[in-house]
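Undergrad: Provided below are the primary sequence and the corresponding predicted coordinates.
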Amino acid sequence: MTIEDRFANIERELGNIKETLARSQVTGTANQIRASDFLLVDENGRARAELGIIKDGTRLAIYDENGQTHAALVVTKDGSHIALHDENGEIRALLSVTKEGPVLALLDEDGEVISGAP
């Protein structure tokens, strides 16, 4: 599996986070708890963090005041992944550990790897 394949898997899994958020109905209450999803909202009812079940795993996402993902931790049967996003929601740093081994990558604004290991 190439690093590009790994990034594609991470982006697909992070897309699940956004789909889950879109389906969530944030109420005016301070907390919302679901059986498969925990949603943390701010005083204005905007989602700020989410812990939930996704296809093949679990994920934790941290959002800014505009709902943009800034950090995500995803654990699936294929491995564990931590992604840090810029102000535009683009992944800029990624740490993955899979059966194929660990990957650490820093990406530019276009999603191109500028530094990484291996």
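TA: That came in fine, so what should we check first? Residues are numbered from 1 along each chain as shown.
Undergrad: wait, a helix at residue 12?
TA: Yes. With DSSP: H, G, I helix; E, B strand; the rest coil as the criterion, residue 12 is assigned to a helix.
Undergrad: could you check the pLDDT of it?
TA: Note on residue 12: pLDDT of 72.
Undergrad: the one 10 residues further on now?
TA: Confidence at residue 22, expressed as pLDDT, is 59.
Undergrad: now residue 17
TA: Looking at residue 17, its pLDDT stands at 66.
Undergrad: pLDDT of stretch 44-53, averaged?
TA: 92.
Undergrad: meant to ask about stretch 64-72
TA: Mean predicted lDDT for stretch 64-72 stands at 93.
Undergrad: for it, which outside residues touch it?
TA: For stretch 64-72, contacts defined as Cβ atoms under 8 Å, 6 or more residues apart in numbering pick out 14, 17-18, 21, 42, 46-48, 59-63, 81-85, 87-89. Just so you know, the C-beta spots here come from the backbone N, C-alpha and C atoms, and that holds for glycine as well.
Undergrad: in PyMOL, how would I select just the buried ones from the residues you listed?
TA: This is the PyMOL syntax for the buried subset of the contacts of stretch 64-72, where burial follows 16 or more other Cβ atoms under 10 Å:
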select buried, resi 14+17+21+47+48+59+60+61+62+63+81+82+83+84+85
